[in-house]
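1. Would you be able to build a 3D model of this:
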Amino acid sequence: MFKEFKEFALRGNVVDMAVGIIVGAAFGTIVRSLVADVIMPPIGLLLGKVDFSNLYLVLEPATAKAEAVTLRYGLFINHIVSFVIVAFCTFLLVKQINKLRRPAPAAAPTTKECPFCLSAIPVKATKCAHCTSSLAA
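-> Next up, the predicted model:
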């Protein structure tokens, strides 16, 4: 059983997936910082100096025994922007990978077969160089 697990764990796909998850987590951290620290402050400034991370609606005020119950929609907006950025970057990445995987279009043939002697001749030839037969254009 240990041998089978070792084969499974060391197979290329599993290792590739692990690397993808680690890089994805790191990328998520970068995107969160991009949204919270770079994108949202100018948007908040344009909308009247609004800090989206501090936007919330108090559903129930704080008491001596419990904290306030709030609906933090500003953070939700930040997360939506983060998601859109990650989704767009993932789309661009998958698009490029698919472009690399797509086989190159087949080149147009440069030769054809003479119907009389079966020799290879140029596509535009009107007479076979090997048997001198006239060819239909």
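2. Can you list the residue ranges for strands in the chain?
-> Across the chain, reading from the start of the chain, the strands by DSSP state E fall at 57-60, 69-71, 111-113, 120-122.
3. Highest mean neighbour count out of the ones you listed?
-> The highest mean neighbour count among the strands of the chain belongs to strand 120-122 (a mean of 13), with neighbours defined as mean count of other CB atoms under 10 Å. C-beta here means a position set from N, CA and C on the backbone, and glycine is covered the same way.
4. and that strand, what other elements does it pack with?
-> Using 3 or more CB pairs under 8 Å, 6 or more residues apart in numbering; DSSP states H and E as the contact criterion, the secondary-structure elements in contact with strand 120-122 are strand 111-113.
5. Okay, buried residues for the helix of greatest length in the chain please.
-> Taking DSSP state H as the assignment, the helix of the chain that covers the most residues is helix 73-101. Along helix 73-101, these residues count as buried under the neighbour rule (16 or more other CB atoms under 10 Å): Gly74, Ile77, Asn78, Val81, Ser82, Ile85, Val86.
6. can you list the residues you listed in a markdown table and add pLDDT and distance to Ile21?
-> As requested, these are arranged in a markdown table below (pLDDT from 0 to 100; distance: CB to CB, whole Å):
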| residue | pLDDT | distance to Ile21 |
| --- | --- | --- |
| Gly74 | 86 | 29 |
| Ile77 | 84 | 27 |
| Asn78 | 81 | 23 |
| Val81 | 82 | 23 |
| Ser82 | 78 | 18 |
| Ile85 | 81 | 19 |
| Val86 | 78 | 14 |
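7. Gly24: which of these is nearest?
-> Of all the buried residues of helix 73-101, the one sitting nearest Gly24 is Val86; the distance, using CB to CB, is 8.7 Å.
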